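Undergrad: mind looking at a prediction? Sequence and model below.
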Amino acid sequence: METLIIDRFEGDLAVCEREDCSMVAIEKSRLPKGVRPGNILKIENDGTIRLDAEEELRRREMIYKMQESLFENSDE
């Protein structure tokens, strides 16, 4: 299984970032409907592509907590 993050759309392609920071282009027609930049995708071993909303939420919460701690520490 591979994890990707949609970076942007270029025409009929979604440009996605792999975990190793390399980029890959995937035809939009292969993606679930309604995807947008920032969504996290999982490519299963059989080639099926699905949204990973749980991982996206986990990462957003982690970023929020990091931002909070930065602002808390800036008052010192």
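TA: Ah, there it is.

Undergrad: what's the strand ranked longest in the chain in contact with?
TA: Across the chain, the longest stretch assigned as strand under DSSP state E is strand 2-10. Strand 2-10 has contacts (Cβ atoms under 8 Å, 6 or more residues apart in numbering) with 14-19, 23-26, 28, 35-43, 52, 55. For glycine as for every other residue, the C-beta is placed from the backbone atoms N, C-alpha and C.

Undergrad: would you mind checking those for buried ones?
TA: 14, 16, 26, 35, 39-41, 43, 52 (16 or more other Cβ atoms under 10 Å).

Undergrad: circling back to that earlier point, among the contacts of strand 2-10, which lie within strands?
TA: 14-18, 23-26, 40-43.

Undergrad: make CSV out of those residues and add pLDDT and distance to residue 7.
TA: Formatted as CSV, the ones in strands among the contacts of strand 2-10 follow (pLDDT from 0 to 100; distance: Cβ to Cβ, whole Å):
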residue, pLDDT, distance to residue 7
14, 98, 8
15, 99, 5
16, 98, 6
17, 98, 5
18, 97, 10
23, 98, 7
24, 98, 10
25, 98, 10
26, 97, 11
40, 97, 12
41, 97, 11
42, 96, 16
43, 96, 15
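
Undergrad: of all these, which comes closest to residue 59?
TA: Nearest to residue 59 among those is residue 40, at 7.2 Å by Cβ to Cβ.
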